[in-house]
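Asker: Provided below are the primary sequence and the corresponding predicted coordinates.
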Amino acid sequence: MTPAADEGEAAPDFGFDFDLLRELTETSGVPGYEDRIRDIVRRELDAATDEVRSDAMGNVVGTIEGESDYELVVTAHMDEIGFMVRHVTDEGFLQVDALGGWDPRVLAAQRVTVHTEAGDLLGLIGSPPPHTQDEDEKARQRTVEDVYVDMGMDGEAIEERVSVGDLVTMRQTTTTVGDHVTGKALDDRVCLFAMLEAARRLEDPAVTVHFAATVQEEVGLRGAQALGVDLDPDLAVALDVTVANDVPGFEKGDRVTRLGKGAAVKLKDSSVITNPKVNRRLRALAEARDIPHQLEVLPRGGTDTAGFQKAGGAKPVGAISIPTRYLHTVTESAHHADVTAAIDLLSAFMETETGAHDYTL
């Protein structure tokens, strides 16, 4: 049994930099306000690539120059789902607007961080005790509009410290449960981590490789679409988490992926059908190098893969996904071996890309 890695405890020996993964997942960065996570990404890319730059939206790109003019983009998004304060009540409670897709059922009785100009504050999402609710109240479908944040101060004190437009993120540490890594924002920080780890490994590529950490994916793939026009790559491979409904209550056909069965090669989601030739090359590499892998057919949900396919003309695109349970909650969970498999598969793909592969259909 792998011991849990909590705050102050030694990182587990998973064969990768767990401390960096924990730093990435615990750092805040909602769509449009990715400043803190961007600083970490820039620090890591500065050490691993030849050149680092950012754009007006906040996308960060680290480039390793290759021997040819052929350009490959590898992308993972930086933003996490969160909230923006839309109203402060006279009593000092905060009402919020969602930044990204939330299931209101998972929000009750959670701790949050409110990011203000003067600093971070701890808040609580309120949840009335069940014995004070009648049957109609218990049965009512909750919405994000029903969410309020209790700041533990009166209205006058809060009015001086919190403003409309301040940001709210979930407050959670990243730790391990058995063989799983769990915490908030594994979507998509675990894939951002995989991209950074693969960048560290890459030496003297045959083609130029751009490592792109994108913004505003959770609100419509906006950063990737803009970056696809600016970079205009020859080939793009996106990294993102994918659904793993391998838990009680789901039929086998609805599981999409399973934890511990390897990196997922995406065939489709609701935003993209990936290039079959790119898929075949990913699968052939995984088989040749004994990298555990599975196939992903995701009925709903979109990724940056589509952003690069739609921007700048017809481009071959592929995607590697990390299976993750409990997406868009504070207990998102991934198997450490699947994280390693994603790093290994991406590294193999970059090392063997020569620019001579024909991806036209």
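Answerer: Alright, I've got the coordinates. Residues are numbered from 1 along each chain as shown.
Asker: from here on, contacts and neighbour counts on C-alpha atoms
Answerer: OK.
Asker: so Arg200 sits right up against Gly62, yeah?
Answerer: No. Counting by CA atoms under 8 Å, Gly62 is not a contact partner of Arg200; they are 11.3 Å apart.
Asker: burial of the spatially closest residue to Asp154 that is not a sequence neighbour, as a residue count?
Answerer: Nearest residue to Asp154, sequence neighbours excluded (CA to CA, 6 or more residues apart in numbering): Gly92, at 5.1 Å. Residues near Gly92, counting by other CA atoms under 10 Å, number 21.
Asker: Check the one 3 residues further on too.
Answerer: Gln95 has 21 neighbours, counted by other CA under 10 Å.
Asker: State whether it is indeed within a helix.
Answerer: No. Under DSSP: H, G, I helix; E, B strand; the rest coil, Gln95 sits outside any helix and is assigned strand.
Asker: In the sheet, which residues pair with it? Tell me.
Answerer: On the basis of DSSP bridges, Gln95 takes part in beta bridges with His87, Tyr148.
Asker: returning to what we had before: what is in contact with Arg200 and Gly62 at once?
Answerer: Common contacts of Arg200 and Gly62 (CA atoms under 8 Å, 6 or more residues apart in numbering): Thr49.
Asker: And these two? Which one has more around it.
Answerer: Gly62 (27 against 15).
Asker: The more buried one: which element?
Answerer: strand 60-64 (DSSP states H and E).
Asker: which element follows that strand toward the C-terminus?
Answerer: Taking DSSP H and E, what comes next after strand 60-64 is strand 71-77.
Asker: what residues does that following strand touch?
Answerer: Contacts to strand 71-77, defined as CA under 8 Å, 6+ apart, come from residues 188-189, 191-192, 195, 207-217, 233-240, 304, 355.
Asker: what distance separates it from the centre of its chain?
Answerer: 14 Å (CA atoms, centre = their mean, to the nearest Å).
Asker: quick one: that strand to strand 60-64, angle?
Answerer: Using axes from the mean of the first three to the mean of the last three CA atoms, to 10 degrees, the direction of strand 71-77 lies 140 degrees away from that of strand 60-64.
Asker: Mean confidence (pLDDT) on strand 71-77, please.
Answerer: Average pLDDT, strand 71-77: 96.
Asker: and what of stretch 92-101?
Answerer: Stretch 92-101 comes out at a mean pLDDT of 94.
Asker: what's the domain layout of the chain?
Answerer: In the domain annotation for the chain, the residue ranges read 18-80+173-352, 82-170 (automatic domain parsing).
Asker: Find the nearest non-adjacent residue to Glu218, please.
Answerer: The shortest distance from Glu218 to any non-neighbouring residue, by CA to CA, 6+ apart, is to Gly100 (5.1 Å).
Asker: if I pick that neighbour, what's in contact with it?
Answerer: Going by CA under 8 Å, 6+ apart, Gly100 touches Pro31, Glu80, Ile81, Gly82, Glu218, Val219.
Asker: most neighbours, which of these?
Answerer: Glu80 (31 neighbours).
Asker: Test my guess that that one contacts Met170.
Answerer: No. Glu80 is beyond contact range of Met170, at 9.7 Å (criterion: CA under 8 Å).
Asker: Could you count how many residues lie near Asp69?
Answerer: 12.
Asker: so what's it up against?
Answerer: By CA under 8 Å, 6+ apart, the contact list for Asp69 reads Val207, Thr208.
Asker: please redo it, this time with the cut-off set to 6 Å
Answerer: With contacts defined as CA atoms under 6 Å, 6 or more residues apart in numbering, Asp69 has no neighbours.
Asker: and the gap between it and Thr354?
Answerer: Asp69 sits 10 Å away from Thr354 when distances are taken as CA to CA, to the nearest Å.
Asker: go on, Glu251?
Answerer: With CA to CA as the criterion, Glu251 and Thr354 are 41 Å apart.
Asker: all strands for the stretch 101-250 of the chain, in order.
Answerer: All strands of the stretch 101-250 of the chain, identified by DSSP state E, counting those that start in this stretch, fall at 111-116, 119-125, 148-150, 167-170, 175-177, 180-183, 208-214, 235-243.
Asker: Quick one: list the elements packing against the fourth one.
Answerer: So the one you mean is strand 167-170. Secondary-structure packing of strand 167-170 (3 or more CA pairs under 6 Å, 6 or more residues apart in numbering; DSSP states H and E): strand 82-88, strand 111-116.
Asker: ok, and what's touching that strand?
Answerer: Gly82, Phe83, Met84, Val112, Thr113, Val114, His115.
Asker: Could you do stretch 104-112 as well?
Answerer: Gly123, Leu124, Ile125, Gly126, Ser127, Thr143, Val144, Thr169, Met170, Arg171.
Asker: residues contacting the last one?
Answerer: Listed by CA under 6 Å, 6+ apart, the contact set of Arg171 reads Arg111, Val112, Thr113.
Asker: end-to-end on stretch 314-329?
Answerer: 35 Å.
Asker: List the buried residues of that stretch.
Answerer: For stretch 314-329, the buried set under the neighbour-count rule, 16 or more other CA atoms under 10 Å, comprises 315-329.
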